[in-house]
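K.L.:
quick one, fold the following:
(3 chains)
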Amino acid sequence: MAVGVITRGIAGIAFVLAAGCDAIRPVPGADNTDIVVEVAIFKGGYGIEWHTEIADQFNRDHADEGVRIELWGDPRTADIIKPRLLRRDPPDLILDERLPLWLLIGANKLLPFNDALARPAPGSDQPWGDLFAPGMLDMFRSGEEVYAIPAAYGAWTCWYDAKMFREHGWTPPETWAEFDELCSEIRAAGIDPIALQGKYASFYAWHTYVALVQRVGGVQAINRINGLEPGAFSHPDAVRAAKLYQDLIVNHGQRGAMAMTHTESQLQYVNNKAAMIFCGMWLENEMKDSMPPGFEMKCFSIPRVEGGKGNPAMLPGQGMEYLFVPVDGRHHEIAFEFASYLVSPKYAPDMGKSIGVISPLKDATPRDTITPALASVLDVINASEGIFSIRVRDLLPEWRAQVMHVAIADLCRGELSPEEFGRLLDEGVAAAVANPDVSKPPFVALDPAQYGEQS
Amino acid sequence: MGPRTQKTFTYAVLGLWFCAVTLPLLWVFVNSIRSSQEVFENPFGMPWLITGSPHAELEGQPTPWQSATANFRSAWVESHFAQFFVNSVLVTGISLIGVLICGAMAAYILARFPGRTHNALYYYFIAGMMIPAQLVLVPLFFQFSTMSELGSAMLAPLGLELQLHDSLSGLILIYVAFSLPFTILVLTGFFRTLPGALREAAIIDGCTEWGVFRYIMLPLARPGLVTVAIFNFLGLWNEYIFALVFVNSEAKKTLPLGLAGVSIQAQYKTDFGLMFAGLVIVMIPTLIVYLVLQRQLTKGITMGALKG
Amino acid sequence: MSRVARQRLFFATFLAPAFLLYTVFVAVPGVRALIYSVQKWDGLGDPEWYGFNNFRALYSDDLFSSALKHNVILGICGGSITLVLALFFASLLHRKIRGAAVFRVAFFFPNIIAAVAVALLWMLLYSTTEFGMVNALLGVLQRGLAGVGIEWMQDALPFAFTDSKYLIYSLIPMMVWTATGFYMVLFVAAMESIPEDYYEAAKLDGATPALQFWHVTLPFIREVLVVGIVFLLISSVKFFDAVWVMESQFPTKDSHVMATVLYQKVFSEYNIGYGAAVAVMLFALVFAATLLTLRMSRREAVEY
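P.N.:
Residues are numbered from 1 along each chain as shown, chains lettered A, B, ... in the order given. The predicted structure follows:
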C-alpha cells in the first residue's frame, strides 16, 4: 500500500515540477551548430532597433562561421546583469554605464579593449583606436588599459525652443549675466525659465555644475577634482560655480522639479511650460514622439562666466553609452568584433540618421544626415577647442550615491550653502581615498596652456 | 450628538475613505482605455470612447475604439505582457499546487499523530514564519549556483545541464518552500479540529492511511485549503523581491517584474497609456479572485491572525 | 513489513517533501546568512573570516542608521495611523449599518494589488505635473481657502512628494491607504465575537459610544490588536518594493530602507558580508517583534 502512496506522491511532485520545469535544458553548444554570442543593450531613449539591425548585419557577414549574435535590451539591464555578473554568467558584451564599471575593473572582471583598438574597424583600414575623437577613450582608462568604449558622443548643452525665442525676441545668451537676465525676462512672460530633471540630480544637475566649474576655474579646477586632491570642491572657483548653479535653479528653476523624472521635466520643456533645459544629446530622440508640431529644438553652449578663467570654447562632454566585455563571458573576441561594428565609420552615418547619435569617432557623422536639433549640437562640438569631463562620479559610486547625490539635490533646493556643498563632497572624496578597497587609477590631466587658459 | 447626526457623520467618514480608495483605481481603469494623447490633454477627463474625440474631424486620427484598445494591444503584445501573464499563471499555479500538496500532507501528520518528534518538527516549520525573504535572498542566490553546478555535473552524461537561476522552476521551488510555514500553521490548526474517530472507523473498514487522508480528511479540510490557497495566491502573484533577484530574462519575467520594467520604458517613451494598461493587467486577476472569494478571504484573515 | 515500520514509512513519505523543500530553501540559507555576516566577501573571490566587523561597520555607517530610521518612521507613523483608522472604521462598521459589506469589500481592495503596482499608482498620484491628483486636490483646497481669506501653502504647490528627501514621508499615506482595509477586516471580525449583552449593559449604564469602545470593544479585541501591531511592525521592517520602484533603482541616503541597502550592498557594491549583516539585523528585528507578541498574548491568557 505504502508503495502506492510513494509512487503517487513522487509522480505528483514530478508532474508538478515538470509542468513548470525550465531549469533542465540541453547544454548550449553541445550539438555544435552555432556559436551564440549574447549582447545586452540598455533600452532607453535610443531603443534597440538600430542595434538589432547591426546585429543582423553582423550575423549575415559571419553566417558561414556559424557565429550568431543574440541581442536583447531592457530598461532595467542593471537589475538583470548585476546578479548575472555575480554568478559568473554575464552576457558577452554589455552596453550599460549604469553598472558599477570601476568596481568591476577593480575586481578584474572586465577585459581591456587595447588589442581590439589596435585592429581596424569596419569601413576603415586604420587602427580602430586612432579613429576616436579626443577624450572619448579617457573615461574608463586605467593607465594604458581602456576598459570600456563609448557608443555615442556626449556633449552637455542648454536647450531651448527656437520658435518660442523668435516669437519673444529672445536670443541665446553668451555670458552668465545675460543668461540670468534672459531667465528673468522669460519668467516675466509667464513661463518657467528652467526645467530640471530633479529626480536624477546626481546626473543632470551634476553635469551642469561640472561645466560651470570649468567656466569659472578653467581645466585646472577639473584636474584638481579628477586628481582626487583634498579640498578640490572647496576651492573658491568650485564654490563659485556651485553658487552660480544654485542661484540659477533657486531663482529660475521650475517648482516641483525635484520630484520630476527626466521625462517628466523634459515634457514640461517640449510643451513650452519651461523654456530651457540642460541636457545631453539624447534629448531629441527621447522626446521625439512627444514633441508638438512646430517645436524647434536647438541648443547653445554653456555660457561664459564673467571673470572666469575657463576657455568658453571648451566643451563639457565625454563618451556615452559605454560598451564593455566581462571576463566571465564566453566569446570575448566576437564581442570585441561586434563592438567595433557598433562603433565603426561604416555604420556611423546610419546611426546618426536612425537614432540621432553622433559617433564618438572623429568626423564620422555627416551633418546633412542628422536633424536640425542634432546639427546644432554638432556645430557646438565642431566649434569647440577641447573637451573635459569629471570621472569621480563613476570612479566612486558609493560617494556618488551617498554623498554627491544628496548634496547636489540639497544644493538645488537651496537647503545647502555652496561652501557646505564643497565641504561635504571633499570629505566624501577624502574618505574614499583613505579606503584601500577603492581603486584610484591615474588620470589624464589637461594642460591649461594648451587650451589658452591662464593657470 | 443625536442618532441622526451620528449616522450622517458615520456615512460621511466612510464615504470619504471609500472615495479615497476607489477613485484612484477608477482613474487607472478609465485612463487605461485612453490614448496617451487623451491623457496628456486632460488627465482627469472622460474617455473619448464615450464622449467622442474633439479631434474627430482631423484626418488620420485613430477612432476612439482604436485608441482605447491600443494601450492593451501594445502592453499585451509589444511589451510582452502576454508572456509575463503566462509566467505568472504558471509560477503561481504550480507553486500553489505544490504548496497545498506538500503542506497538507505534512500538516495532516503533524496534527493527527502528535509525538515528540512531530511537535519539534511543527515548531521547526513554524519558525520559518519569522524568516524574512531578505535573510535568505543572498545565500540562496549562491546556493542556486552551487546546486546548478552539481546538477549539471550529474546530468552531463545525458547532454543536459541544470540552471536554476533565471528559471521558473527555481522560482517555484523558492515560492513553495517559503509558503510552507504559513500553510502548515493554518492547516495543522484545521486538521486538529477534525474528529479523530473518523480515521479509526475508516481503518477498521479496511481503508489505507492514504485513503483516509485523501478521501476523508482532505475533503473535510477544504475550507482551510481554500483559505491558504487564497492567501498564497495573493502573496505569490504579487511577489517582487525574489523574482527581481532570481529571474533575469524577458522571457521568464513575472507580472510585477514586467510592470516595473515597463514603467521605466513608459518613461523613456513618454507612453502613459501603456503604464495604465499594464497596471490594469496586473490588477484584474487579483480583483476577480478577490470579488469571487472575498467571503472566505475575510474569514481566513481572522483565522490566520488568531493562530499567528 | 511490521505495522510500526509501515507507519513510520507513511509518516516519512508525508513529511519528506515539505521537510526537504523547507530545509534546503529556507532553513539552510537562513543559517548561511549568519555565516556570511561574519565574513568579508565580494562574491567573486574566497571569503575571509571577518568577525563582527560587518556589524561594526553597520553601526558606524550613516547609510544604515538612516535606513533603519526610515523603517522605524514607517512602522511608527504609518503603523499608528493605520491602526487608529482601522479601529475607527471597524467600530463604525461593527454597528451593523447598511452597506457595511460594500465598504468592507472596497476598503480591503488596495491590499490585494501588487506592491509594485501600488507604488506606480502613487507615483502617478503624487506627480508634480498635470497628472498629479494629489497636487490637483491640494490646489483646489488652496483656492478654496484663499476664497475665505486663509493663506495656505502659498508658493508651495505643486509639492514634490516623490523627491528623495520627502519620499519616506510620502510613503506613509500610501501605506495607510493600502493597509487600513486589512486591519479593519481583522478588527471587525474580532468585534463580532463580542456578546451583544455587554453593549446593552454599557448602554444601560449610560456609556457613550466612545466609552463603550474603550471599555467593551478594546479589551475584547486586545489579542487581535497585538497581532495587528506585530504584523504592521514586521511589514515595515521588510519594506522594499515601493522604495525600489519609486526611486528607479537608485535610492539615496534620504530614501533608503534596510532592504534596499541590503540589495545595493550585495548586487551593486558586491559587499556580500555587509549585505548579510543587514539581513541578519532585519531578521533580528522581525524575530524580536514576534517573540514580543507571543509573550504578550501569553500574558493575556493568564489574565482571562
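K.L.:
so what does A:T208 have for phi and psi?
P.N.:
phi -70, psi -40 (degrees, to the nearest 10).
K.L.:
distance check, the closest residue to it other than its chain neighbours against A:P316.
P.N.:
In this structure, A:T208 finds its nearest non-sequential neighbour in A:F278, 4.5 Å apart by C-beta to C-beta, 6 or more residues apart in numbering or on different chains. The way it works is simple: take the backbone N, C-alpha and C, and place the C-beta from them, glycine included. Relative to A:P316, A:F278 is positioned 10 Å away (C-beta to C-beta, to the nearest Å).
K.L.:
mind listing what the biggest strand by length in chain A pairs with, with the direction of each?
P.N.:
The residue-count maximum for a strand in chain A (DSSP state E) belongs to strand A:314-324. Each strand paired with strand A:314-324, and its direction, by DSSP bridges: strand A:93-95 (antiparallel), strand A:149-155 (antiparallel), strand A:386-388 (parallel).
K.L.:
right, and the helix or strand after that strand?
P.N.:
Downstream of strand A:314-324, the first helix or strand assigned by DSSP states H and E is helix A:332-342.
K.L.:
got the angle for that next one vs strand A:314-324?
P.N.:
Per axes from the mean of the first three to the mean of the last three C-alpha atoms, to 10 degrees, the angle that helix A:332-342 makes with strand A:314-324 is 140 degrees.
K.L.:
packing partners of helix A:332-342?
P.N.:
The contact analysis (3 or more C-beta pairs under 8 Å, 6 or more residues apart in numbering or on different chains; DSSP states H and E) places helix A:332-342 against strand A:35-42, helix A:49-61, strand A:67-74, strand A:93-95, helix A:114-118.
K.L.:
pLDDT score assigned to residue 225?
P.N.:
Unless you meant another one, I'm taking chain A. Model confidence at A:I225, expressed as pLDDT, equals 95.
K.L.:
not quite, I wanted chain C
P.N.:
Looking at C:L225, its pLDDT reads 87.
K.L.:
list the contacts for it?
P.N.:
By C-beta atoms under 8 Å, 6 or more residues apart in numbering or on different chains, the contact list for C:L225 reads C:L83, C:L87, C:F187, C:L218.
K.L.:
likewise for C:F88?
P.N.:
Per C-beta under 8 Å, 6+ apart, neighbours of C:F88: B:V13.
K.L.:
could you look up the SS state of it?
P.N.:
Following DSSP: H, G, I helix; E, B strand; the rest coil, we place C:F88 in the helix state.
K.L.:
how about the strands in chain A?
P.N.:
With DSSP E as the criterion, chain A has strands spanning A:24-26, A:35-42, A:67-74, A:93-95, A:141-142, A:145-146, A:149-155, A:157-161, A:192-195, A:274-279, A:297-300, A:314-324, A:386-388.
K.L.:
tell me which stretches of the stretch 101-250 of chain A form helices.
P.N.:
Applying DSSP state H, counting those that start in this stretch to the stretch 101-250 of chain A gives helices spanning A:101-106, A:114-118, A:162-168, A:176-188, A:201-226, A:236-252.
K.L.:
cool, and the stretch 101-250 of chain B?
P.N.:
Under DSSP H, counting those that start in this stretch, the stretch 101-250 of chain B gives helices at B:116-127, B:133-155, B:168-193, B:197-204, B:209-211, B:218-220, B:222-237, B:241-246.
K.L.:
what residues of whatever helix or strand B:N71 lives in count as buried?
P.N.:
Using DSSP H and E, B:N71 sits in helix B:64-73. Within helix B:64-73, the residues that count as buried by 16 or more other C-beta atoms under 10 Å in any protein chain shown are B:P64, B:S67, B:A68, B:T69, B:A70, B:N71, B:F72.
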